[in-house]
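# here is a sequence with its predicted model. Questions after.
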Amino acid sequence: MTMKLYYTPGACSLAGRIALHEANIPATFDKVDLKTKKTEEGADFTAVNPKGYVPALVLDGGEMVTENIAVLSYIADQSPSLGVSGPLGRTKLIEMLAFISTEIHKAAKPFFKHAPDADKAQAREAIANRLDFIAKNMRGPFLFGEAFSVADAYLFVNLRWARMFGVQLPAKISDYFARLMERGAVRTALAEEGLS
Ligand SMILES: N[C@@H](CCC(=O)N[C@@H](CS)C(=O)NCC(=O)O)C(=O)O
């Protein structure tokens, strides 16, 4: 049995797909319709993951991991080059994943529902501020320096949305996004989800 990632095209589960490809972990992918909660393979997604949202990663042994922070740190555990080295490496990786999840991903919620324009404007400003912080603290071509980590995969997905929703990206972050777009795993993942 190989791992299976439940995903929705372009959703945050894209980060898990990129990370799996970066790690060369063989996996299958089942597309979830978030409105009907049915999967392409015909499963009732709420029976698979009672939380009803993606990502959900079913491991080789049948156990399931949900929540981007857990899914991505699990993949980094399987492929340590996608984690962060050093005595505080794991802690710093979790710190970054939590920042992306709770300060950027969550801030984007108004774009995914019918929200007043004022809420969307506020979200754009909040996300731009968070990205400004990231730009000032990037340690190299990737978030943690010279090497790509699973946190870059998660930020990539958030930047893709930020661009779609009219967030002004700092120049350094635009360059970083372009760099990520050049990666084979990113291109493969986008193509597999039918995205450009
Ligand atoms: N707390 C979850 C949130 C995941 C999430 O927001 N998933 C979205 C797609 S990006 C989703 O499936 N939304 C559909 C829903 O909540 O019904 C995590 O961090 O993994």
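Cool, got the structure. Residues are numbered from 1 along each chain as shown.

# alpha carbons only for contacts and neighbour counts from here, please
Fine.

# which of the residues in the longest strand anywhere in the chain are buried?
Ranked by residue count under DSSP state E, the longest strand found in the chain is strand 27-33. Neighbour-count burial for strand 27-33, counted by 16 or more other C-alpha atoms under 10 Å, picks out 27, 29-33.

# next: stretch 140-152.
Buried residues in stretch 140-152, counted by 16+ other C-alpha under 10 Å: 141-144, 148-152.

# stretch 47-60 now?
Buried residues in stretch 47-60, defined by neighbour count with 16+ other C-alpha under 10 Å: 49, 52-58.

# over to stretch 157-172?
157-159, 161-162, 165, 167-170.

# what is the end-to-end distance of that stretch?
In stretch 157-172, first residue to last residue: 17 Å (C-alpha to C-alpha, to the nearest Å).

# what about that stretch, average pLDDT?
Average pLDDT, stretch 157-172: 97.

# shaky segments in the protein?
Along the chain, the model assigns pLDDT under 70 to residues 1.

# what residues does it put near the ligand?
11-12, 34, 52-55, 67-68, 101 (C-alpha under 6 Å from any ligand atom).

# would you mind giving these as CSV with secondary structure added?
Formatted as CSV, the residues of the chain next to the ligand follow (DSSP: H, G, I helix; E, B strand; the rest coil):
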residue, secondary structure
11, coil
12, coil
34, coil
52, coil
53, coil
54, coil
55, coil
67, coil
68, helix
101, helix
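
# max pairwise distance over these: which two?
The two members of those with the most space between them (C-alpha to C-alpha) are 34 and 101, at 19.4 Å.

# quick one: which of the two has more around it?
Taking neighbours as other C-alpha atoms under 10 Å, residue 34 and residue 101 compare with residue 101 leading, 19 against 15.

# ok, and the closest non-adjacent residue to residue 148?
What sits nearest to residue 148 in space, not counting adjacent residues and going by C-alpha to C-alpha, 6 or more residues apart in numbering, is residue 142, at 5.7 Å.
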